[in-house]
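**Student:** Sequence first, predicted coordinates after that:
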Amino acid sequence: MPERLGPPRDTPLFERVTLIGLGLIGSSIARAARHLNLARTIVAVDASEAVVERVKELGIADEATTDVVAGVRDADLVILCVPVGVCGTVAEAMRSGLKPGCIVSDVGSVKASVIAQVQPHLPEGVSFVPAHPVAGTEHSGPDAGFVTLFHNRWCILTPPDGTDEAAVARVRAFWEAMGSNVEVMSAQHHDLVLAITSHVPHLIAYNIVGTAADLETVTQGEVIKFSAGGFRDFTRIAASDPTMWRDVFLHNREAVLEMLGRLNEDIALLARAIRWGEGDKLFDLFTRTRAIRRGIISSGQETPEPDFGRRREDKA
Ligand code: NAP
């Protein structure tokens, strides 16, 4: 086991944990929960037969099925790890299998919409503690997951008013055990913060890579050949899962549009500074942005290595 995760627990935090959707995030939770002994039994549920078969081959869960009602039966903790757009459908489908006292959580990148979709389907006696691990890569599927994905990353909990405090504490303990730092905030605030730190940057990356692909005066070959000039870093983000990101934009519409409005204004100012040769304005902005990058590195959210600081040896 990677040393920085620490030793497995003597006693599990939960008896039975069901993960629905065994892609990058679900399979990383399964790997971490297994390595750290966070659940006596880990159950994997996925709509795809192929994913269920792969989970069995990888041996990252004790049970694996496509049957969502059977999969959540007797679970103490159920975590939805599916694209944001299907959370309501999955909640409705699993409803009859949930036992009283069960905690339902999720990992969706958007929170207000997921709460609105899921909460109406949960029976009395079931708590809902929405969560968003701010950790990921551009890869998807059960092979993409790894045991240290959440280590030293933030996980944001957005419990709606009136959520059982004990349930929130248990979900917090689960994420902290996987090495995450946990913060609690409202779903609305989460969606605004993530719009500028994650959603709009992804939109910019999708846009710039799309624009480059459509250029007529520069060949595709040249775009690829000279990509190390900055474009390459955008292509990593623009390779992220199309289903996941389509859902993020459709389900965080207001906050993304608000931030895009601000961005458009600021880009107009930059264009003006370039047109009129206002070098001081450009220099001041670039100095401020460099300080932000240094702040991210010193807070441990990134390493200073030039190639995005990704550590591949941690894959497990
Ligand atoms: P992923 O790798 O594509 O995995 C999603 C899995 O869910 C796939 O196996 C998919 O099967 C399955 N699935 C889809 N619809 C389903 C349904 N109705 N019932 C059961 N299983 C279903 O995606 P991911 O990156 O792990 O993302 C999962 C969630 O985590 C999303 O809500 C995303 O917003 C959130 N998140 C992602 C990241 C990131 O960087 N990737 C970071 C933080 C949070 P098929 O492949 O057959 O569709």
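**Tutor:** That came through fine. Every value quoted in this text rests on a predicted model; they were computed, and no experiment measured them.
**Student:** So for the helix or strand hosting residue 55, mean pLDDT?
**Tutor:** Element membership of residue 55, judged by DSSP states H and E, is helix 49-58. What helix 49-58 shows for mean pLDDT is 98.
**Student:** where does the helix or strand following it sit relative to the chain's centre, distance-wise?
**Tutor:** Moving toward the C-terminus from helix 49-58, the next helix or strand (DSSP H and E) is strand 63-65. How far strand 63-65 lies from its chain's middle: 23 Å, per Cα atoms, centre = their mean, to the nearest Å.
**Student:** what sits up against whatever helix or strand comes next after strand 63-65?
**Tutor:** Downstream of strand 63-65, the next assigned helix or strand under DSSP H and E is helix 68-72. Helix 68-72 is contacted from outside by 18, 20, 43-45, 63, 65, 78, 90, 93-94, 96-98, 102, using Cβ atoms under 8 Å, 6 or more residues apart in numbering. No exception for glycine: its C-beta is placed from N, CA and C like everyone else's.
**Student:** Which of those fall in helices?
**Tutor:** Among these, the residues falling in helices (DSSP state H) are 90, 93-94.
**Student:** between those, which is closest to residue 204?
**Tutor:** Proximity of the ones in helices among the contacts of helix 68-72 to residue 204, judged by Cβ to Cβ, is greatest for residue 90, which lies at 30.3 Å.
**Student:** Report whether the expected contact of the closest one with residue 82 is present.
**Tutor:** Yes: between residue 90 and residue 82 there is a contact under Cβ atoms under 8 Å: 5.6 Å.
**Student:** any shared contact partners between these two?
**Tutor:** 20-21.
**Student:** where does residue 117 land on pLDDT?
**Tutor:** We note a pLDDT of 98 for residue 117 in this prediction.
**Student:** Over to residue 310?
**Tutor:** If you check residue 310, the pLDDT there is 49.
**Student:** can you give me the helices for the stretch 201-316 of the chain?
**Tutor:** Using DSSP state H, counting those that start in this stretch, the helices assigned to the stretch 201-316 of the chain run over residues 220-225, 231-238, 242-251, 253-275, 279-298.
**Student:** mind checking which of the ones you listed is nearest the ligand?
**Tutor:** In terms of Cβ to the nearest ligand atom, the element of the helices of the stretch 201-316 of the chain nearest to the ligand is helix 242-251, at 4.8 Å.
**Student:** which other residues reach the closest one?
**Tutor:** 83-86, 109-110, 113-114, 140, 199, 202-203, 206, 256.
**Student:** Low-confidence stretches in the protein?
**Tutor:** Within the chain, the segments meeting pLDDT under 70 span 1-3, 306-316.
**Student:** Stretch 15-33: which residues count as buried?
**Tutor:** Residues of stretch 15-33 classed as buried: 16-33 (neighbour count, 16 or more other Cβ atoms under 10 Å).
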